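In: Okay, predicted coordinates and the sequence, questions at the end:
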Amino acid sequence: MSDNKLRILVVTQYFWPENMRINDLVRDFSDRGHEVTVLTGWPNYPEGAVFPEYKSDPEGFKSYFGARVVRVPLIARGKSSIRLVLNYLSFFLSASAFGSVKLRDEKFDSVFVYAVSPIMAAIPAILIGRLKRAPVYIWVLDLWPETLRAVGVLRSPTLLALVGKVVSWIYNRADYLLLQSNGFSSNVIKYCTKNIDAERLVYFPSWAEDEFSGASAKTSVLLKRDDFNFTVVFAGNLGDAQDLPAVLEAVESLKGRAAIRWVIVGDGRMSSWLAEQVEARDLRNVVLLGRHPVSAMPEIFACADALLVSLKTNDVFEKTVPGKVQAYLASSKPVLGMINGEAAKIIEESGCGYACASGDAQGLADITLKMAMTDTAQREEMGRLGRSYYLSHFSKKTLLKRLEDLFYSGTLRKDVK
C-alpha cells in the first residue's frame, strides 16, 4: 500500500501566498508523488484585504508545486471584529457550497483539515468527506470555543455554548483528531460524545519550514548585523495575544541600561498601534520591518543574538505552542520566552534559552539582560541544544512520514468498512 499514490484533499481557509505551515505540507506531499488538491479561499491574511497580486492575476494562483488549488470567495477579514466573524462564516459556507460543486467529479482517499481558527473550516471537509467516502483528519491547532473566550471575541455564555455544540458536532464526525499539543487532549475529549480511541486521537505537533534548517549563508537586505548591539528578533503575527504592550514595557525599562536592539518582523491587527507607540515613546532601538515571506526569515534570524516569543496567559494559551517556537529551535539561535505552559516547558527542557512568566515585562527585561551578558560560546551552545531538541521532537521528515502512514491506515480502515 505504501507504494500507492494517495489522492489528498486539503481544506484550509489560509493558504499560499499567505505564509502558513500548511503550504509546506502540501508541497512535500506533492513532491512525494501524491495527488494533492487544496480547497481554500481568497488570500487576505493578515492584512485583512485580498492580496493585490491575487486580484490582478487569480489564474496565477491555481497551482502550487504541482498541487491543484481550488479557491472559493469569502469576505476579507478587515480590521474589525464584525468583519472577522463574517470572514469566518463566509469561508465555511462558501467552501461547503461552491467547494462541493467544484469538486463533484473528484475522488479522494483522505481529507485533511488545517484547523487553525476558525474550526468551522472543518465543516466543508466533513461534508465532502462523507460525499467521497474518504476519512477526515482534523489537525487541531486552536481550541474552540475556549480561544474565542480567551481573546475576548465572544463573552456570552450562551453563544460560547452554541459554538461548543458546533465543535462537538465536528469532532464527533471526524475520523482522526490530530492535536498540536499534548495539552489539548482534555479539552478535545470533553467535546467528544462518542468514544475516541487512542488510535484516532493523535499527537501531531508543528514543524519548522525547510528554510530554517541550517545556518543561512546569505546576507539579509532587510537587516544588517550589528556587533555593537545585542539584537533580539521577534517574528510573526502582531496581535493582541502576543502581548506587545508588555514587550514595549520591557524595552523601555532597558533604555540606557544596555545596548540592545529590538527587531520586530510581521504584521497584524496591532501593527498600527505598535508603530504609533514606538514613535510616541521615542524607542529608537526598536526596528519595525513589517511583513516578509518565510524565505526572508533565515537571513534575518542570522543577524539575531536571540529570538523572542511572547504570548498572553490563560488556560487556553498555556496549552498552545506557537508555531514560531519550532522555527526558532530549528534556527540554532537562543530563545527568550515571555510565555507560560507547554512552550515554556520546551524552552526549559531543551536548554535553548531563558523563559519568564507570561505578561511579566520586568521578567522579560531581566532575562534579556541576562542573555546579553552571557558569553558567545554559551549562547551558541543554547542554540545547538535547541536545534538538537527540534530534530528529536519536531523533525518535519519524521512527522510527515507519520502522517502519510496515517493516511494509508485510514484508507485501509475505510476499505474494510
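Out: Sure, I can see it. Just so it is clear, the structure is predicted and the values come from calculations on it, not from any experiment.

In: how about the longest helix seen in the chain: buried residues?
Out: With secondary structure taken from DSSP state H, the chain has its longest helix at helix 396-416. Across helix 396-416, burial judged by 16 or more other CB atoms under 10 Å covers Lys396, Leu399, Leu400, Leu403, Glu404, Leu406, Phe407, Tyr408, Gly410, Thr411. For glycine as for every other residue, the C-beta is placed from the backbone atoms N, C-alpha and C.

In: wouldn't the third one be in contact with Asp28 here?
Out: Yes. In this structure Leu400 lies within contact range of Asp28 using CB atoms under 8 Å: 5.5 Å.

In: ok, back up a step: touching the longest helix of the chain from outside, list them.
Out: Helix 396-416 is contacted by residues 1-2, 4, 6, 8, 24-25, 28-29, 32, 109-110, 112, 133-135, 137, 175-176, 178, 202, 204-205, 207-208, 210 when judged by CB atoms under 8 Å, 6 or more residues apart in numbering.

In: which residues in this structure form strands?
Out: 7-11, 35-41, 63-64, 67-72, 110-115, 136-140, 176-179, 201-203, 230-235, 260-265, 286-290, 306-310, 335-338, 353-356 (DSSP state E).

In: what residues go with each domain of this structure?
Out: The record's domain parsing of the chain by automatic domain parsing lists 7-207+395-416, 210-393.

In: In JSON lines, list the ones you listed along with mean pLDDT.
Out: Shown next, in JSON lines, are those (pLDDT from 0 to 100):
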{"stretch": "domain 7-207+395-416", "mean pLDDT": "91"}
{"stretch": "domain 210-393", "mean pLDDT": "93"}
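
In: give the contact list for Arg291.
Out: Applying CB under 8 Å, 6+ apart, we find Arg291 in contact with Asn19, Pro46, Glu47, Val265, Gly266, Asp267.

In: and the gap between Val294 and Val11?
Out: Distance of Val294 to Val11, computed by CB to CB, to the nearest Å: 22 Å.

In: Who has more neighbours out of the two?
Out: Per other CB atoms under 10 Å, whichever of Val294 and Val11 has more neighbours is Val11, with 31 against 18.

In: Number of residues surrounding the closest residue in space to the more buried one that isn't next to it in sequence?
Out: In this structure, Val11 finds its nearest non-sequential neighbour in Ala125, 4.0 Å apart by CB to CB, 6 or more residues apart in numbering. Counted with other CB under 10 Å, residues neighbouring Ala125 total 30.

In: what sits against the nearest residue to Arg68 once chain neighbours are set aside?
Out: Take Arg68 and drop its neighbours on the chain: the residue closest to it by CB to CB, 6+ apart is Thr37, 4.8 Å away. For Thr37, the contacting residues are Arg7, Ile8, Leu9, Val10, Ala67, Arg68, Val69, Val70, Leu103, Glu106, Phe108, by CB under 8 Å, 6+ apart.

In: neighbour-wise, which of those leads?
Out: Busiest of those [other CB under 10 Å] is Leu9, holding 28 neighbours.

In: List the beta-bridge partners for that one.
Out: Thr37, Val111 (DSSP bridges).

In: I'd guessed it sits against Lys107; true?
Out: No. Using CB under 8 Å, Leu9 is not in contact with Lys107; the gap is 9.6 Å.

In: Please enumerate the shared neighbours of those two.
Out: Residues touching both Leu9 and Lys107 by CB under 8 Å, 6+ apart: Lys132.

In: hang on, the earlier thing: ok, so of the contacts of Thr37, who is nearest Ser185?
Out: Ser185 has its nearest neighbour among these in Val10, at 24.2 Å by CB to CB.

In: gap between that closest one and Val85?
Out: From Val10 over to Val85 (counting by CB to CB), the distance is 24 Å.

In: Count the neighbours of Glu35 for me.
Out: When neighbours are counted by other CB under 10 Å, Glu35 comes out with 18.

In: Now for it: which residues touch it?
Out: Glu35 makes contacts with Lys5, Leu6, Arg7, Ile8, as judged by CB under 8 Å, 6+ apart.

In: and which of the residues you listed is nearest Thr313?
Out: Of all the contacts of Glu35, Ile8 has the smallest distance to Thr313: 36.8 Å, by CB to CB.
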